[in-house]
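Novice: Give me the fold of what follows.
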Amino acid sequence: MLRLLYRKETLQFRHPFTTAKGTRTEHATLIVALGFGPGWGVGEAPAIDYYGVTIGHMEAVLLQHKAAIERYALQDPERFWHFLHHLLPGENFLTAALDIAGWDLFAQLRRKPLYSLLGAQPWQAPVTDYTIGIDTTEAMQAHAWERPWPVYKIKLGTPDDIDHLRAIREFTRSPFRVDANEGWTYEEARRLLPELKKLGVVMVEQPLAKTETEAQRALKAQSPLPLLADESCVGEGDVAKCADGFHGINIKLVKCGGITPARRMIAEARKRNLSVMLGCMSESSIGTAALAHLAPLADFLDADGPLLLAEDLATGLEMQHHRWKLTPAPGMGIRLTPGKIEVAR
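Specialist: Model prediction:
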């Protein structure tokens, strides 16, 4: 019989983090743990306002279904996800946290690192980018100076976008990935894309609102840069829809519902010749570890959550040469900081 524990945490960012959708100085996250015998698997789901996800709601749903989850016999993580999918319809963030915990626990019980169960090879993992949020030009320069990195992800979506990029370019020759978070109109994107390429931008995420499907198709046809879907690609059913308007997709575990559907999304993207990025929602090392184990199956990685936060909730995930280092330890190989879990009541 499984045991289910959880804890609510509020984590501070190192610097105020601003995107086209707003500014955050902290964010709340829900940590879940599934235990069987001596093993404990952990997962994480942050609260994201613009997706309508709150800690209070996830906690209420978790407690409502706690008994049913604890009665589940974990023999296959994929079957566990299907059980959760039907038990918790529409609760992708919470399902993702439990799915990650299930994979972690199952791998521990099998005494294998998670990446081996996922068919991933650690040495194939891509470098993660480092994100610079929207700020004053001086502050964005300072963030690049503070953290020298081989590839930056830069949040845009203001009238000063080009000025910001030019200023950061003064400090580094590293390539830029740009994320507009639906912040441009079609005409703005058409005007900006050639300028972005001149400044060393190598890809652009979600330039237009997800509702602008026809404009997105037209933009892809003339874009000098690869365009990746983010807000337009939430779950499995969105992959096929993105093929006409984008060159690739950004998969986020909490949005799609966890590792299990993410693997299917990767396979579907490959069939449609779409590149794959794995992205984060500023998770701690717990959620980031799940991304790190899946990362060798992707082309690009945006998993810098622990680097952006002023504190962490676990140890065991280490950075080496700008890649998350995967060890042969069973499961995800991370250990909760003492006191960072409590019994769910």
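Novice: Now Glu231: closest residue in space that isn't a chain neighbour?
Specialist: Leaving aside its sequence neighbours, Glu231 sits nearest to Lys210 (CB to CB, 6 or more residues apart in numbering; 4.6 Å). In short, each C-beta sits where N, CA and C put it, glycine included.
Novice: doesn't that neighbour fall inside a strand?
Specialist: No: assigned with DSSP: H, G, I helix; E, B strand; the rest coil, Lys210 falls outside any strand and is coil.
Novice: burial count for it?
Specialist: Neighbour count of Lys210, defined by other CB atoms under 10 Å: 18.
Novice: Name all residues that make contact with it.
Specialist: 182, 231-232 (CB atoms under 8 Å, 6 or more residues apart in numbering).
Novice: Do a quick rundown of the helices in the chain.
Specialist: 55-64, 66-70, 77-87, 92-109, 114-117, 137-146, 161-169, 186-198, 213-222, 238-242, 253-256, 259-271, 285-294, 305-308 (DSSP state H).
Novice: and for the last one, what are the contacting residues?
Specialist: It refers to helix 305-308. The contact list for helix 305-308 (CB under 8 Å, 6+ apart) reads 13-15, 17, 130-131, 147, 280-285, 287-288, 312, 317, 319.
Novice: and what of stretch 74-83?
Specialist: By CB under 8 Å, 6+ apart, the residues outside stretch 74-83 that reach it are 2, 34, 36, 72, 95, 98-99, 102-103, 105-106, 109, 117, 257-261.
Novice: and it, C-alpha only, in PDB?
Specialist: The C-alpha trace of stretch 74-83 is given here as PDB (Å, rounded to 0.1, in the frame of the first residue of the first chain):
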ATOM      1  CA  LEU A  74       2.200   0.600  -8.200                       C
ATOM      2  CA  GLN A  75       3.400  -2.000 -10.700                       C
ATOM      3  CA  ASP A  76       3.900   0.200 -13.800                       C
ATOM      4  CA  PRO A  77       4.300   4.100 -13.800                       C
ATOM      5  CA  GLU A  78       2.400   4.400 -17.100                       C
ATOM      6  CA  ARG A  79      -0.600   2.600 -15.700                       C
ATOM      7  CA  PHE A  80      -0.400   4.700 -12.600                       C
ATOM      8  CA  TRP A  81      -0.600   7.800 -14.800                       C
ATOM      9  CA  HIS A  82      -3.700   6.500 -16.500                       C
ATOM     10  CA  PHE A  83      -5.300   5.800 -13.100                       C
END
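Novice: now it: how far from the chain's centre is it?
Specialist: Distance, stretch centre to chain centre, for stretch 74-83: 22 Å (CA atoms, centre = their mean, to the nearest Å).
Novice: Now do it, average pLDDT.
Specialist: Mean pLDDT, stretch 74-83: 97.
Novice: now swap in stretch 239-248 and tell me
Specialist: 98.
Novice: Endpoints of it, how far apart?
Specialist: Its start and end residues considered, stretch 239-248 measures 9 Å (CA to CA, to the nearest Å).
Novice: Same check on stretch 228-235?
Specialist: Termini of stretch 228-235 sit 15 Å apart (CA to CA).
Novice: likewise stretch 112-130?
Specialist: Termini of stretch 112-130 sit 30 Å apart (CA to CA).
Novice: Any buried residues in that stretch, and which?
Specialist: For stretch 112-130, burial by neighbour count (16 or more other CB atoms under 10 Å) applies to 113-118, 120, 122, 125-126, 128-130.
Novice: cool, and stretch 17-29?
Specialist: Buried-residue list, stretch 17-29, by 16+ other CB under 10 Å: 17-20, 24, 27-29.
Novice: swap in stretch 272-287?
Specialist: Buried residues in stretch 272-287, defined by neighbour count with 16+ other CB under 10 Å: 274-287.
Novice: Over to stretch 178-188?
Specialist: The neighbour-count check on stretch 178-188 (16+ other CB under 10 Å) flags 178-184, 186, 188 as buried.
Novice: quick one: contacts for the closest residue to Glu268 other than its chain neighbours?
Specialist: Among residues not flanking Glu268 along the chain, Val239 sits closest, at 4.4 Å (CB to CB, 6+ apart). Neighbouring residues of Val239 by CB under 8 Å, 6+ apart: 233, 249, 265, 268-269, 272, 274.
Novice: how about a cut-off of 7 Å?
Specialist: Val239 makes contact with 233, 249, 265, 268-269, 272 under the criterion CB atoms under 7 Å, 6 or more residues apart in numbering.
Novice: Show the contacting residues for the residue nearest the centre of the chain.
Specialist: Centre of the chain computed as the mean C-alpha position; nearest residue by CA atoms, centre = their mean is Cys280, 1.9 Å away. Contacts for Cys280 (CB under 7 Å, 6+ apart) come out as 252, 288, 291, 302-305.
Novice: Dump those to TSV, plus neighbour count and distance to Arg166.
Specialist: Formatted as TSV, the contacts of Cys280 follow (neighbours: other CB atoms under 10 Å; distance: CB to CB, whole Å):
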residue	neighbour count	distance to Arg166
Lys252	23	30
Thr288	28	31
Leu291	27	31
Asp302	25	23
Ala303	27	27
Asp304	23	23
Gly305	26	28
